[in-house]
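A.B. asks: Need coordinates for the below:
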Amino acid sequence: MKKELLGLPRWVKQFAAMLVDVVCALLATWLAFWSLSRTVPAIGAIHDEIYAENRQDIERLICACPNAPQDARLAAVALTALVDGLWLELSLGNAPFSVGEAEALAEKWLDNFI
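C.D. replies: The predicted model follows:
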């Protein structure tokens with residue numbers, strides 16, 4: 001059991017275990033989607049559309065920052081890669097960092113980059 005869960009009420013531990021199951025199911029679904037996006041053209045098109053829309057939203061947010069980098073597109077790609085990597089590590093379980101540390105890492109990256 002994770003150190004963070006020690007000393008918590010039983011219902012909290014059960015809820016946390018249920019969330020882990022949900023995250024694992026979501027991870028399996030997302031990994032299947034990623035895999036199919038490379039082999040099924042229709043799914044690849046959906047993936048490309050979702051990724052492009054998400055990246056464009058992030059680009060707009062970056063451009064609105066006072067110290068925005070010149071290439072907001074690459075900044076958006078980098079941020080997306082960072083968040084995807086952190087999410088994947090956390091979803092796989094036994095990540096060498098907590099959710100709070102992942103949030104702090106992403107926030108620090110943004111503070112230093114933008």
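A.B. asks: Who are the contact partners of Ala102?
C.D. replies: Neighbouring residues of Ala102 by CB atoms under 8 Å, 6 or more residues apart in numbering: Leu86, Trp87, Glu89, Leu90, Ala95. No exception for glycine: its C-beta is placed from N, CA and C like everyone else's.
A.B. asks: can you tell me the helix or strand for it?
C.D. replies: helix 99-113 (DSSP states H and E).
A.B. asks: Give me the buried stretch members for that helix, please.
C.D. replies: Ala102 (16 or more other CB atoms under 10 Å).
A.B. asks: ok, now stretch 28-43?
C.D. replies: Ser37, Ile43.
A.B. asks: Low-confidence ranges, the protein, go.
C.D. replies: 1-8, 13, 15-17, 19-20, 23 (pLDDT under 70).
A.B. asks: do that again at 80, thanks
C.D. replies: 1-28, 93, 113-114 (pLDDT under 80).
A.B. asks: and Val40, backbone torsions?
C.D. replies: Here is the backbone geometry of Val40 (degrees, to the nearest 10): phi -120, psi 110.
A.B. asks: show me what contacts it?
C.D. replies: Contact analysis of Val40 by CB under 8 Å, 6+ apart lists nothing.
A.B. asks: That one and Pro9, how far apart?
C.D. replies: Applying CB to CB, to the nearest Å, the value for Val40 to Pro9 is 45 Å.
A.B. asks: what's the answer for Arg60, then?
C.D. replies: Taking CB to CB as the measure, Arg60 and Pro9 are separated by 43 Å.
A.B. asks: who's more crowded, these two?
C.D. replies: Using other CB atoms under 10 Å, the more surrounded residue of Arg60 and Pro9 is Arg60, with 11 against 8.
A.B. asks: which element is the more buried one on?
C.D. replies: Element membership of Arg60, judged by DSSP H and E, is helix 41-63.
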